[in-house]
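# Would you be able to build a 3D model of this:
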Amino acid sequence: MLMVDDELMAWAEIEETGVQSRIQWARCKKPERAIGKAFFAYGGKVSNLVDLCRQRIVFEDVASLGLCVVSRQVESMNRLDEGLGFRV
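Model (predicted):
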């Protein structure tokens, strides 16, 4: 579910009603803040900077949450490079 005009709406409802342009997307971290955090918090390792944008995701039930977690794990695994010692 996403915020539309300060109301949570399911994606299917958003598509059905045609209000995609009114989704309240989260703002991204300002470049100055991101650079500072990468330098001071992560010792210059920009690959550790993974919180550039925070978007709230709301699930209607535990099953939906489980499907999201599994799909994100599969997506992450598919991105791993075997040259780094990972196997997909």
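# Buried residues of stretch 46-53, list them for me.
Residues of stretch 46-53 classed as buried: none (neighbour count, 16 or more other Cβ atoms under 10 Å). All C-beta spots, glycine's among them, are computed from the backbone N, C-alpha and C.
# which residues touch it?
Defining contact as Cβ atoms under 8 Å, 6 or more residues apart in numbering, one finds that stretch 46-53 is touched by Ala26, Arg27, Cys28, Lys29, Ala34, Lys37, Ala38, Ala41, Tyr42.
# which of those residues are buried?
Lys29, Lys37, Ala38.
# Now the helix or strand that contains Ile14: buried residues?
Here Ile14, judged by DSSP states H and E, is contained in helix 11-17. Applying a neighbour-count criterion of 16+ other Cβ under 10 Å, one finds Ile14 buried in helix 11-17.
# quick one, strands of the protein?
For the chain, applying DSSP state E gives strands covering 2-4, 7-9.
# what's the spacing between the first one and its chain's center?
From the chain centre to the centre of strand 2-4 is a distance of 15 Å (Cα atoms, centre = their mean, to the nearest Å).
# Retrieve the pLDDT associated with Met3.
pLDDT for Met3: 81.
# Would you mind confirming that it makes contact with Arg22?
No. Taking Cβ atoms under 8 Å as the definition, Met3 is not a contact partner of Arg22, at 9.3 Å.
# Pull up the per-residue confidence for Arg33.
90.
# Pick out the residue closest to the middle of the chain.
Gln55 (6.2 Å; Cα atoms, centre = their mean).
# Show the contacting residues for the closest residue to that one other than its chain neighbours.
Leaving aside its sequence neighbours, Gln55 sits nearest to Ala26 (Cβ to Cβ, 6 or more residues apart in numbering; 4.4 Å). Taking Cβ under 8 Å, 6+ apart, we find Ala26 in contact with Cys53, Arg54, Gln55, Arg56.
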